[in-house]
Structures are given as structure tokens and as C-alpha cells.
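Visitor: heads up, no residue letters with this:
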């Protein structure tokens, strides 16, 4: 009898312990879930806040870009000064270096413009803006009468007017055979174009160019 009583007490004690442990487990689980939800809310808040900051930043850059664009049309000197202020504030924004370079170019300060365009070359590498930047470098070299360098960068640019620009460089250097070669490539492209009918004037112009250069070679 005594043994049975002890056994019953032991069973009750074990059941109490199990219930207590189980209760603590679910209580801890509830606390954990609450903390997890709080953490998610906090992270969502910071994520949303950071996203809003990024959006505001990009909007600000777009506004400044629009202002530079408008200013460039009427006053390259003021554009240069404004771009300088923005570069001091936003050192990693290549677009402001580009506008300063264009402003310098419009003031016929080709060497200074060239250095800025070349600085942007690394920043634009592998981006859609890369070809335009190569073209800007080439135009600077062309205006500095450094035609070999201009041809090199026009080739890298691979834009619609590249062949014409290259041909013009060779024509200026009086290397007529090379000029004829590139004018002829462009002429073939236009003649085989689906929009050939809209290119009649350009086709006639190139034919005349090629004919004049061939006569000069005689």
C-alpha cells in the first residue's frame, strides 16, 4: 500500500513537471513569435524608409540634371559653375561631370573637356552611356586636330554617325582612300536600309563626296 502511494505521488509529480515544462515551452514560443513579428515590423519600417530616401535622392538628381540641361542651352559658363557646385556635393554622380565637360566643350576648352570625358570613361564602362562618352572623347580629339585618336574612339563608340565621322577625319588628313572606304561603307548601309526612301538626300550627298575624292586621287 505504501509502495502504491509513493508510485502515485511520483506519477503526479512527473505529470506536473511535464505540464510545467510544456507550459513554459508554449509561453517562450509565444514570446519568440511576438519578438519575431516586432523584428519584421522594424525591418520593414527601415526598408521602407531607406527606399524612400533612395527615391528622394534620385528625384533630386533628376531635378538638378533638368536644370543643367536648360542652363546649358543659354549659358555654358554658368552651367560649368553650377556643375562644379554639384560635383562638390555629389562626388560620385558622373552625370554632373558630363555636364561640366559639355559646358567646357561649348566654350571651346577642348582639352579640359577631354580630361573630364576620359575621367567618366571608367564610370560608364559597361553601361549604355559608354558609347556616347566614347563619341564625346572622339569629338574632343577631332577638334584638337588629333585625328588618329579621334578615329580610335569613333570606332569604339560604334554609333550611327561613326563611319561618317571617321571618314571626315581621314578626309581632313587628306587620306582620301581611307575616307572613300568609310564613306562607301555608310553609303551601302543607307542603300540597303528599309527606310531608303527617307535617305535619298544623304545617299546623293555621299555619292558626290566619293566622286569628288576619287577625282582628287587622279
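Guide: Thanks, I have it. As the structure is a prediction and not an experimental result, all values here were calculated from the model.
Visitor: helix, strand, or coil at the residue most central in space within the chain?
Guide: A centroid search over the chain (CA atoms, centre = their mean) returns residue 127, at 5.1 Å, as the residue closest to the centre. Recorded secondary structure, residue 127: coil (DSSP: H, G, I helix; E, B strand; the rest coil).
Visitor: gap between it and residue 91?
Guide: 18 Å (CB to CB, to the nearest Å). Any C-beta I mention is one placed from the backbone N, CA and C, and that applies to glycine too.
Visitor: what's stretch 195-204 in contact with?
Guide: Stretch 195-204 has contacts (CB atoms under 8 Å, 6 or more residues apart in numbering) with 187, 190-191, 193.
Visitor: now stretch 144-160
Guide: If you take CB under 8 Å, 6+ apart as the criterion, stretch 144-160 is touched by 110-111, 114, 131-132, 134-135, 137-139, 141-142, 162, 165-166, 169-170, 172-173.
Visitor: gap between the residue nearest to the centre of the chain and residue 182?
Guide: 27 Å.
Visitor: just to revisit the earlier point, among the contacts of stretch 144-160, which ones are buried?
Guide: The neighbour count (16 or more other CB atoms under 10 Å) marks 110, 114, 132, 134-135, 137-139, 141-142, 162, 165-166, 169-170 as buried among the contacts of stretch 144-160.
Visitor: just those residues: which are in helices?
Guide: If you go by DSSP state H, these have 110, 114, 132, 134-135, 137-139, 141-142, 162, 165-166, 169-170 in helices.
Visitor: farthest pair within those?
Guide: Maximum pairwise distance among those (CB to CB): 22.5 Å, between 132 and 170.
Visitor: returning to what we had before: could I get the contacts of stretch 195-204 as CSV with pLDDT, distance to residue 217 and neighbour count?
Guide: Listed next are those as CSV, based on pLDDT from 0 to 100; distance: CB to CB, whole Å; neighbours: other CB atoms under 10 Å:
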residue, pLDDT, distance to residue 217, neighbour count
187, 94, 17, 20
190, 92, 23, 16
191, 91, 22, 12
193, 87, 28, 13
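Visitor: which one of the residues you listed is nearest residue 121?
Guide: Distances from residue 121 to the contacts of stretch 195-204, taken by CB to CB, are shortest for residue 190, at 30.2 Å.
Visitor: which residues does that closest one contact?
Guide: Taking CB under 8 Å, 6+ apart, one finds 196, 199, 202-203, 206 in contact with residue 190.
Visitor: surely residue 210 is in contact with residue 180?
Guide: Yes: the criterion here is CB atoms under 8 Å, and residue 210 meets it with residue 180 at 5.6 Å.
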